[in-house]
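Peer 1: no sequence on this one, just coordinates:
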């Protein structure tokens, strides 16, 4: 039986890694020869989850190997976020919770996107629909993905379905949701060994907003002031990226996972749009505290797009 | 509550009309203010089904009216097959069984595509999943859609799910599957009053294949030679469409619903791709018989896309 690879997006986060592992497992149980893969390094948060539940990270790939003819995408659909040779392989399925963009196939496929907070929430439903038992390990992976994408159920992207799934999965995984969640997020929020260049690239995404090109990088922390000890270096690498990529704005978002606020640093000629977008004043060092803002997708991209296009 | 319009593709066929009607009905039962719509005339086959089950055709629209902010697409996703202002409205959901192409949203949505023979087969599952009773009328609509898209369960696009759904729906609708199906198909295959211009537009879809722009029109008949009595007129209107739309290829497909073959007529500078795609020789009048070919989606679009992109 020909092999099917299951993988998520580049710069993998916990949802992408855990969803690839869980969906490959479900496919195996359903008799499909599926293997999980990943397109980049496992971050500290994901690593905490894998260690806790004693699960190995998926194989690392850049491109789909020549002997694999079909793939399943989880947690993404936009081709620029996928493997380099995505246009040369047959996409059998997509399971995702993002907008649909820059995606196409020649043939009909199983494409399932739902507007929930996390891909793992959809996968948990699929285990149920197929009447396949969710083991303790799989429950741990799915739970970790939900905690990560929803910042412990506090992000505005989090739906009731995510909340219900998280509680059920915590029971199966045998962990206390709040405690396990905070421990996992804190493991990911340890930025002590990161350089300024690493901080602005570890979770960075580029967006077109009207005619403007905007890059938004986000890190989670328990102490934003610690991150901003590197402000001079951060400004340097951000200005370099602005010049190299022709960006109108580079926004660096330091999200406090305890207080659920974000302290942002804005560089580039469009920096004043940040003040417009969020009704705040940037201080002399181009920084501002955005109270209650934690979601790039739902709170930052939408407000900035409005500011750039109105 | 703001209104949601539910509609299928331009040049509507029986699946598109019946799926819009059935899904708007399901949404109503679930408390959503949804209304079915259609983007073109109801054909004779669909009309037979609507009359048989005493259901009114949906409202005709060109564009989404200004007071409607959100829409649900059934039986299509490619923007060029949809309303003219599709980019200005919020797409809440897509229920489809085609490839995904030329589709994008700004926000996450519910997107459900499955590789089955008919959108109505997915909708029938959704009635069951939501535990909503399928009335005799709705069963009749869903059944008619399946019969139409699968040429009475004989098309290679037809899956076991479609077959099972058709038998269950025939029971609920209170009809004998074979007899009702053949009567409905024959009602649609009556082309005696159609002009050449009508024949090439009644079920026409446009596709991007690599850099080429390809239009494929299909009609069902019990006597292809009868249709080709209009060959001169057909060539004229096809060439006109090629000039107006800048097409590389216009393929007219006359499908014999009794023998399950198609006799095609190819016009446009890319006409030789048809010979490549199907391993046939076009005769002097640019026609060829494609043995066993009845499915535009599964047999024609895929083979032609390969020929245009290899």
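Peer 2: Nice, thanks for sending it over. Nothing here was measured: the structure is a model prediction, and the numbers come from that model.

Peer 1: tell me how far the helix or strand residue A:227 falls within is from the chain's mean position?
Peer 2: For residue A:227, the element it lies in under DSSP states H and E is helix A:224-227. On the basis of CA atoms, centre = their mean, to the nearest Å, helix A:224-227 sits 22 Å off its chain's mean C-alpha point.

Peer 1: same question for that helix, mean pLDDT?
Peer 2: Helix A:224-227 shows a mean pLDDT of 92.

Peer 1: downstream of it, the next helix or strand is which one?
Peer 2: Sequence order places helix A:231-245 as the next helix or strand after helix A:224-227, per DSSP H and E.

Peer 1: for the helix holding residue A:227, which positions count as buried?
Peer 2: Neighbour-count burial for helix A:224-227, with 16 or more other CB atoms under 10 Å in any protein chain shown as criterion, is recorded at A:224, A:227. C-beta: built from backbone N, CA, C; applies to glycine.

Peer 1: and if you look at stretch A:249-257?
Peer 2: A:249, A:250, A:251, A:252, A:253, A:254, A:255, A:256, A:257.

Peer 1: surely the last one and residue A:185 touch.
Peer 2: Yes: assessed by CB atoms under 8 Å, residue A:257 is found in contact with residue A:185 at 5.0 Å.

Peer 1: identify the contacts common to those two.
Peer 2: Any residue near both residue A:257 and residue A:185 by CB atoms under 8 Å, 6 or more residues apart in numbering or on different chains counts here, and that gives A:151, A:152, A:220.

Peer 1: check which helices and strands the helix holding residue A:227 is in contact with.
Peer 2: In this structure, helix A:224-227 packs against strand A:249-256, with contacts taken as 3 or more CB pairs under 8 Å, 6 or more residues apart in numbering or on different chains; DSSP states H and E.

Peer 1: pairing partners for the very next helix or strand once past the strand it packs on, with directions?
Peer 2: Stepping forward along the backbone from strand A:249-256, the first helix or strand reached (DSSP H and E) is strand A:261-267. Using DSSP bridges, the strands paired with strand A:261-267 are strand A:249-256 (antiparallel), strand A:287-290 (antiparallel).

Peer 1: how far does the first one sit from its chain's centre?
Peer 2: Yep, that's strand A:249-256 we're talking about. Here strand A:249-256 is found 15 Å from its chain centre; the criterion is CA atoms, centre = their mean.

Peer 1: kindly report the same for the shortest one.
Peer 2: Relative to its parent chain, strand A:287-290 has a centroid offset of 22 Å by CA atoms, centre = their mean.

Peer 1: could I get the buried residue list for it?
Peer 2: For strand A:287-290, by 16+ other CB under 10 Å, it's A:287, A:288, A:289, A:290.

Peer 1: cool, stretch A:110-125 as well?
Peer 2: Those would be A:111-124, for stretch A:110-125 by 16+ other CB under 10 Å.

Peer 1: show me those residues that map onto strands.
Peer 2: Secondary structure from DSSP state E places A:111, A:112, A:113 of the buried residues of stretch A:110-125 in strands.

Peer 1: chain neighbours aside, what residue packs nearest to the second one?
Peer 2: If I follow you right, that is residue A:112. Among residues not flanking residue A:112 along the chain, residue A:95 sits closest, at 5.3 Å (CB to CB, 6 or more residues apart in numbering or on different chains).

Peer 1: Three-state assignment for that neighbour, please.
Peer 2: Assigned by DSSP: H, G, I helix; E, B strand; the rest coil, the conformation of residue A:95 is strand.

Peer 1: same question for stretch A:209-216, mean pLDDT?
Peer 2: Averaging pLDDT along stretch A:209-216 gives 91.

Peer 1: which member of the shared contacts of residue A:257 and residue A:185 is positioned nearest residue A:52?
Peer 2: The closest of the shared contacts of residue A:257 and residue A:185 to residue A:52 turns out to be residue A:152 (CB to CB; 15.4 Å).

Peer 1: could you pull out the helices for the stretch 101-250 of chain A?
Peer 2: A:119-129, A:136-150, A:160-173, A:177-188, A:196-199, A:224-227, A:231-245 (DSSP state H, counting those that start in this stretch).

Peer 1: what is the strand or helix carrying residue A:273 packed up against?
Peer 2: Using DSSP H and E, residue A:273 sits in helix A:272-278. Packed against helix A:272-278 by the contact rule (3+ CB pairs under 8 Å, 6+ apart) you find strand A:249-256, strand A:287-290, helix A:301-309.

Peer 1: and the last one, which residues are buried?
Peer 2: The one in question is helix A:301-309. A:301, A:303, A:304, A:305, A:307, A:308.

Peer 1: and of those residues, the nearest to chain B?
Peer 2: residue A:305 (7.9 Å; CB to the nearest CB).

Peer 1: tell me which parts of the stretch 101-250 of chain A are close to chain B?
Peer 2: For the stretch 101-250 of chain A, the residues in contact with chain B (CB under 8 Å from any CB of the partner chain) are A:101-115.

Peer 1: again, only using 10 Å
Peer 2: For the stretch 101-250 of chain A, the residues in contact with chain B (CB under 10 Å from any CB of the partner chain) are A:101-117, A:129, A:157.

Peer 1: mind pulling the model confidence for residue A:24?
Peer 2: We note a pLDDT of 98 for residue A:24 in this prediction.

Peer 1: assign the nearest residue to it once chain neighbours are set aside to helix, strand or coil.
Peer 2: With CB to CB, 6+ apart as the criterion, residue A:24 has its nearest non-adjacent residue at 4.0 Å, and that residue is residue A:36. Here residue A:36 is recorded as strand under three-state DSSP.

Peer 1: surely residue A:36 and residue A:23 touch.
Peer 2: Yes: with contact defined as CB atoms under 10 Å, residue A:36 and residue A:23 form a contacting pair (7.6 Å).

Peer 1: shared neighbours, those two?
Peer 2: The contact sets of residue A:36 and residue A:23 overlap at A:6, A:7, A:8, A:72, A:74 (CB atoms under 10 Å, 6 or more residues apart in numbering or on different chains).

Peer 1: each with direction, which strands does the longest strand seen in chain A pair with?
Peer 2: When chain A is parsed with DSSP E, its longest strand is strand A:212-221. Sheet pairing of strand A:212-221 (DSSP bridges) gives strand A:204-209 (antiparallel), strand A:249-256 (parallel).

Peer 1: the nearest residue to residue A:199 once chain neighbours are set aside pairs with what?
Peer 2: Excluding its sequence neighbours, the residue lying closest to residue A:199 (CB to CB, 6+ apart) is residue A:219, at 5.7 Å. Beta-bridge partners recorded for residue A:219 (DSSP bridges): residue A:254.

Peer 1: list the contacts of residue A:219.
Peer 2: Shown in contact with residue A:219 (CB under 10 Å, 6+ apart): A:188-189, A:191, A:194, A:198-200, A:202-204, A:227, A:252-255, A:262.

Peer 1: quick one: it from residue A:27, how far?
Peer 2: Using CB to CB, to the nearest Å, residue A:219 is found at 33 Å from residue A:27.

Peer 1: number of nearby residues for the residue in the stretch 151-300 of chain A positioned nearest to chain B?
Peer 2: When scored by CB to the nearest CB, the stretch 151-300 of chain A has residue A:297 as its residue closest to chain B, at 8.1 Å. Using other CB atoms under 10 Å in any protein chain shown, residue A:297 has 19 neighbouring residues.
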